[in-house]
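# heads up, no residue letters with this:
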């Protein structure tokens, strides 16, 4: 009887321990909570919510860090550059080469806006890897707004430059006239889908990567000493996510250059 009582107590303690572990896991593993937007300053004007949110704060921080890096790098430019000047010059060269290779000489006058776009996305993505820093590029509303603005501006540039000739973009030069019935709808749908593909690519990569990092970090904490495996994976995936953050800023910017090239040259 005594052994039976001890067994029941052990089972009860084991069940209680399992319940506690499950409750801790439920509290710890909420990977989507990091994407919640909440107001820092609640501002309501005329029925419109103009609150300053954690997403807006992250944008301000990204813009501020980008400005600071370039300011420190170019404040005292020297013939033999220091570390910060090297970083500033490297970022400048990346965008300058991107425009030269994908837009051509006419793209030089658009360098300021493209350079600003690249820095904003780059620092927004990279700073978002820091714990408790909000990643604004993980929200489709943000990335789609940016992609839509780019799409509209590029379209306006194309129409302003070519007038009605801009419509030639939807019918490849030299193609037989009878193929217009097939090619024009395909090219039109492809053109109109640009802001969707541009925004979803960035949003999806940032959201999936950060979600995976959050899950692995929670498991590493819950498993204690046994969490060495998820912790090792976390280090490797963090390095990979850093590479993805840089690459996605580059891809977003280079696609913008390609769209600008199409608007200027219609091919």
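Looks like it came in fine. These figures come from a predicted structure and were not determined experimentally.
# Could you list which residues are in contact with residue 54?
Residues near residue 54 by CB atoms under 8 Å, 6 or more residues apart in numbering: 37, 38, 40, 134. (C-beta placed from N, C-alpha, C; glycine too.)
# From what I see, the first one and residue 53 are in contact.
Just to be clear, that refers to residue 37. Yes: with contact defined as CB atoms under 8 Å, residue 37 counts as touching residue 53 (5.1 Å).
# what packs against the longest helix along the chain?
For the chain, the helix with the greatest residue count under DSSP state H is helix 228-265. If you count contacts as 3 or more CB pairs under 8 Å, 6 or more residues apart in numbering; DSSP states H and E, helix 228-265 packs onto helix 83-102, helix 111-127, helix 140-162, helix 194-222.
# between residue 37 and residue 53, who's got more neighbours?
residue 53 (20 against 14; other CB atoms under 10 Å).
# Contacts only, for that one.
37, 38, 39, 40.
# any chance of the residues you listed in a markdown table, plus secondary structure and pLDDT?
A markdown table is the format used below for the contacts of residue 53 (DSSP: H, G, I helix; E, B strand; the rest coil; pLDDT from 0 to 100):
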| residue | secondary structure | pLDDT |
| --- | --- | --- |
| 37 | coil | 81 |
| 38 | coil | 79 |
| 39 | strand | 84 |
| 40 | strand | 85 |
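# Only the buried residues of stretch 175-186, if you could.
Going by neighbour count (16 or more other CB atoms under 10 Å), nothing in stretch 175-186 comes out as buried.
# and what of stretch 197-217?
Within stretch 197-217, the residues scored as buried using 16+ other CB under 10 Å are 198-199, 201-203, 205-207, 209-210, 212-217.
# picking up where we left off before, the helices and strands packed on helix 228-265: which one's closest to residue 254?
Distance to residue 254, taken as CB to CB, is lowest for helix 83-102 among the helices and strands packed on helix 228-265, at 5.6 Å.
# by contact count, what packs against the closest one?
Helices and strands touching helix 83-102, by 3+ CB pairs under 8 Å, 6+ apart, are helix 54-74, helix 111-127, helix 228-265.
# so where's the stretch 151-267 of the chain shaky on pLDDT?
The stretch 151-267 of the chain contains residues with pLDDT under 70 at 217-231, 267.
# redo that, cut-off 90
162-187, 206-241, 265-267 (pLDDT under 90).
# Also the stretch 1-150 of the chain?
Looking at the stretch 1-150 of the chain by pLDDT under 90, you get 1-55, 71-89, 104-107, 128-135, 138-139.
# hmm, back to that, any chance of TSV for the helices and strands packed on helix 228-265, columns distance to residue 61?
Listed next are those as TSV, based on distance: least, CB to CB, whole Å:
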stretch	distance to residue 61
helix 83-102	18
helix 111-127	6
helix 140-162	14
helix 194-222	16
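# Need the residue closest to the centroid of this structure.
In the chain, the residue lying closest to the centroid (CA atoms, centre = their mean) is residue 137, at 3.9 Å.
# so who does residue 161 touch?
Counted by CB under 8 Å, 6+ apart, residue 161 has contacts 263, 264.
# right, I mislabeled it, should have said residue 129
Residues in contact with residue 129 (CB under 8 Å, 6+ apart) are 135, 213, 238, 241, 242, 245.
# Weed out the non-buried ones from these.
Buried positions within these, assessed by neighbour count (16+ other CB under 10 Å), are 135, 213, 238, 241, 245.
# Residue 94: which of those is nearest?
Checking the buried ones among the contacts of residue 129 against residue 94 with CB to CB, the nearest one is residue 245 at 14.7 Å.
# Skipping its backbone neighbours, what lies nearest the closest one in space?
Closest residue to residue 245 apart from its sequence neighbours, by CB to CB, 6 or more residues apart in numbering: residue 125 at 3.6 Å.
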